[in-house]
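In: I would like to see how this sequence folds:
(one chain, ligands or ions: 1)
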Amino acid sequence: MSLQFRDTLSGETRPFTPLNSAQVGIYSCGPTIYGPAHIGNFRSFLFADTLVRWLRASGRTVRWVVNLTDIDDKIIRTAAAEGIEIRALTDRWEAVFRADMAALRMATPDEMPRATEHIPEQIALVQQLLDRGHAYRTEDGSIFFKISSWPAYGKLARLDPEAMRVGERVEADEYSKDDVRDFVLWKAAKPGEPSWDGPLGPGRPGWHLECSAMSMRYLGESFDLHTGGIDLVFPHHEDEIAQSEAATGKPFVGTWMHCAHLHVSGDKMSKSLGNISRVSDLLAGGAEPRALRLALISAHYRTNLNYNDDSLTAAASAIARIDAFVAALNARSSITTGDVEADQRAATLAEASWSRFAAAMDDDLAVPEALAALFDLVRDGNRLLDANCSGAGAQALIAVLEKINVVLAVLPDRAVLPAGAEALLAERIAARAAKDWARSDALRDELASLGVLIDDGRDGQRWRLAGPQA
Ligand SMILES: [Zn+2]
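Out: Below you'll find the predicted structure:
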């Protein structure tokens with residue numbers, strides 16, 4: 001099967017063909033940096049991370065952009081309430097976001113642009129919309145997108161144009177719009193709020209504008225993939241499409257991919273419901289970061305993920321199974337003798353596991369099936385260790401685990417042996433084979449002095465590095 005994705009706009013699952021064969025461009029709507037992101041937010045970011053990792057693992061060059069929203073009403077209110085500058089607030093929460101990303105092993109995006117650092121691009125986009133008759137200015141100096149000038153509006157969210165925006169907070173009190181459906185591009189300056197001068201007059205950009213301006217700035221007017229949580233379909237992404245395509249006259253995005261909600265006891269995780277869990281709180285409470293990562297990526301991105309304490313416990317025991325398997329493979333990997341047939345079966349298992357994993361990921365990122373391939377590999381690989389495969393067999397299984405890990409990032413950190421330790425480990429295997437226990441113990445002490453600790457188990461000696469381990 002070739003790579004295929006479900007596109008929200010067309011509603012179809014289609015083969016993925018990049019617009020430009022040299023590079024795949026991906027834009028993911030990022031966090032509003034005025035407080036900690038919760039694990040529902042991170043589910044969506046880790047979905048994008050898995051997408052990027054899979055594209056790279058299958059040989060494509062990817063440019064991944066994740067924006068940081070650092071100006072909006074909530075940010076202005078929070079900074080005012082805390083009595084600090086907006087920049088101090090957003091710097092603090094950007095640092096927390098980056099720390100959470102790193103803890104959850106999210107790849108670092110190629111660009112993480114801030115809205116306030118791309119004001120000229122946003123002004124230019126509004127200017128283009130004014131020039132083309134898709135925007136208008138109201139009495140107070142704000143500028144709105146004119147939805148009646150854009151008949152395709154509502155296609156992404158499959159909305160009835162007449163029924164749109166019912167229930168959305170109507171800003172009619174604040175701004176005198178021509179049409180209640182129209183959305184703000186540029187908010188005229190108000191006392192006590194930050195604003196930027198320029199050809200549009202003093203004001204600040206509306207939220208939707210930054211994603212159009214910054215995605216096109218880094219990825220071009222048309223690019224391949226745009227991701228976000230399902231709750232961004234409307235109005236955010238609908239508005240992005242309208243303002244981008246009306247300005248450029250070109251198709252904005254090749255494939256729209258949306259991640260479903262994370263549910264807690266049947267409810268969506270959200271600040272307003274007060275049922276949020278934060279990454280840093282969970283980790284401070286002793287959660288293993290890889291277990292949290294696994295719990296958040298384990299459901300298919302288009303299905304709701306039901307999260308509770310048991311999800312984390314189940315993921316932690318899955319991680320423990322992986323770790324025990326990796327340790328047993330490492331212990332076996334330097335053994336030269338073993339069962340030849342078991343080695344052949346290990347090679348076959350490695351190849352079949354990768355094919356199964358890759359086919360699942362190609363099929364619209366079917367992570368549950370990809371994980372099933374991984375855990376069947378763990379189960380069957382343990383049987384081959386029991387059947388006495390040699391180091392060659394173990395190495396074949398380690399190699400496929402590492403390929404899978406490039407995409408899932410759930411294996412233990414690869415411990416690097418200090419210089420000289422490899423030779424001592426090999427010598428100790430030989431000493432134990434010769435039942436020279438005195439030499440074996442002396443080598444154990446020598447390794448310990450290098451920071452390499454030995455456990456002797458059924459599979460032979462296993463080593464680990466002294467000190468804190470990830
Ligand atoms: Zn966005």
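In: which helices and strands does the helix or strand of the chain with the lowest mean pLDDT pack with?
Out: Every helix and strand of the chain was ranked by mean pLDDT, DSSP states H and E. The lowest is strand 460-465, at a mean of 80. Packing partners of strand 460-465 (3 or more C-beta pairs under 8 Å, 6 or more residues apart in numbering; DSSP states H and E): helix 309-332, helix 421-433, strand 452-457. C-beta here means a position set from N, CA and C on the backbone, and glycine is covered the same way.
In: Let me have these in a markdown table, extended by mean pLDDT and distance to Ser2.
Out: A markdown table is the format used below for the helices and strands packed on strand 460-465 (pLDDT from 0 to 100; distance: least, C-beta to C-beta, whole Å):
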| stretch | mean pLDDT | distance to Ser2 |
| --- | --- | --- |
| helix 309-332 | 93 | 29 |
| helix 421-433 | 86 | 42 |
| strand 452-457 | 86 | 44 |
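In: among these, which is nearest the ion?
Out: Of all these, the one in closest proximity to the ion, counting by C-beta to the ion, is helix 309-332 (27.6 Å).
In: tell me the angle of the closest one relative to helix 421-433?
Out: Relative orientation of helix 309-332 versus helix 421-433 (axes from the mean of the first three to the mean of the last three C-alpha atoms, to 10 degrees): 80 degrees.
In: Flag every buried residue along helix 309-332.
Out: The neighbour-count check on helix 309-332 (16 or more other C-beta atoms under 10 Å) flags 311-312, 315-316, 318-319, 322, 325-332 as buried.
In: After it, which helix or strand is next? Please name it.
Out: Per DSSP states H and E, the first helix or strand lying C-terminal to helix 309-332 is helix 340-362.
In: So which elements touch the helix or strand following that following helix?
Out: Helices and strands here follow DSSP H and E; after helix 340-362, the next one along the chain is helix 367-386. Applying 3+ C-beta pairs under 8 Å, 6+ apart, one finds that helix 367-386 contacts helix 309-332, helix 340-362, helix 391-408.
In: any chance of those in JSON lines, plus distance to the ion?
Out: Shown next, in JSON lines, are those (distance: least, C-beta to the ion, whole Å):
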{"stretch": "helix 309-332", "distance to the ion": "28"}
{"stretch": "helix 340-362", "distance to the ion": "25"}
{"stretch": "helix 391-408", "distance to the ion": "25"}
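In: As JSON lines, those with distance to Leu273 would be great.
Out: Below are the helices and strands packed on helix 367-386 laid out as JSON lines (distance: least, C-beta to C-beta, whole Å):
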{"stretch": "helix 309-332", "distance to Leu273": "18"}
{"stretch": "helix 340-362", "distance to Leu273": "33"}
{"stretch": "helix 391-408", "distance to Leu273": "30"}
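In: Quick one: closest of those helices to Gly220.
Out: Nearest of the helices and strands packed on helix 367-386 to Gly220, taken as C-beta to C-beta: helix 340-362 at 25.5 Å.
In: roughly how far out does that closest one sit from the chain middle?
Out: 27 Å (C-alpha atoms, centre = their mean, to the nearest Å).
In: what inclination does that helix have with respect to helix 309-332?
Out: 140 degrees.
In: wouldn't Arg60 be in contact with Val24 here?
Out: Yes - contact status for Arg60 versus Val24: in contact at 5.2 Å, counting by C-beta atoms under 8 Å.
In: Need the overlap of contacts for those two.
Out: In terms of C-beta atoms under 8 Å, 6 or more residues apart in numbering, Arg60 and Val24 are both contacted by the residues Pro18.
In: quick one, which of these two is more surrounded?
Out: Per other C-beta atoms under 10 Å, whichever of Arg60 and Val24 has more neighbours is Val24, with 23 against 17.
In: rewinding a little: now distance to Asp281 too, for the helices and strands packed on strand 460-465, in JSON lines please.
Out: JSON lines is the format used below for the helices and strands packed on strand 460-465 (distance: least, C-beta to C-beta, whole Å):
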{"stretch": "helix 309-332", "distance to Asp281": "12"}
{"stretch": "helix 421-433", "distance to Asp281": "38"}
{"stretch": "strand 452-457", "distance to Asp281": "32"}
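In: Report the buried residues of stretch 375-395.
Out: Result for stretch 375-395 [16+ other C-beta under 10 Å]: buried residues 377-378, 380-382, 384-385, 388-395.
In: try stretch 335-355
Out: Ile335, Gly338, Ala342, Asp343, Arg345, Ala346, Ala347, Leu349, Ala350, Ser353, Trp354.
In: go on, stretch 55-64?
Out: Buried residues in stretch 55-64 (16+ other C-beta under 10 Å): Leu55, Arg56, Ala57, Arg60, Val62, Arg63, Trp64.
In: and the residues you listed, which two are the farthest apart?
Out: Distance extremes for the buried residues of stretch 55-64: the farthest pair is Ala57 and Arg63 at 16.0 Å, using C-beta to C-beta.
In: re the thing from before, ok, which pair from the buried residues of stretch 335-355 is furthest apart?
Out: Pairwise over those, using C-beta to C-beta, the maximum falls at Ile335 and Trp354, 23.6 Å.
In: Identify the residues contacting the nearest residue to Trp196 once chain neighbours are set aside.
Out: The shortest distance from Trp196 to any non-neighbouring residue, by C-beta to C-beta, 6 or more residues apart in numbering, is to Ile119 (5.0 Å). Shown in contact with Ile119 (C-beta under 8 Å, 6+ apart): Trp196, Gly198, Pro205.
In: Give me the subset of the residues you listed lying in strands.
Out: Among these, the ones falling in strands (DSSP state E) are Pro205.
In: Tell me the most packed of the contacts of Ile119, by neighbour count.
Out: The residue in the contacts of Ile119 with the most neighbours, by other C-beta under 10 Å, is Pro205 (26 neighbours).
In: Give me the number of neighbouring residues for the closest residue to it other than its chain neighbours.
Out: Distances taken as C-beta to C-beta, 6+ apart put Gln122 closest to Pro205, at 4.5 Å, once the chain neighbours are dropped. By other C-beta under 10 Å, the residues close to Gln122 number 25.
In: can you tell me which helix or strand Gln122 belongs to?
Out: helix 119-131.
In: same question for that helix, mean pLDDT?
Out: Mean pLDDT, computed over helix 119-131, is 98.
In: Now that helix: buried residues?
Out: Residues Ile119, Glu121, Gln122, Ile123, Ala124, Leu125, Val126, Gln127, Gln128, Leu129, Leu130 are the ones in helix 119-131 that count as buried (16+ other C-beta under 10 Å).
In: Hmm, Glu210 and Glu240 touching each other?
Out: No - Glu240 is beyond contact range of Glu210, at 9.6 Å (criterion: C-beta under 8 Å).
In: near the ion, which residues of the stretch 101-250 of the chain show up?
Out: For the stretch 101-250 of the chain, the residues in contact with the ion (C-beta under 5 Å from the ion) are Cys211.
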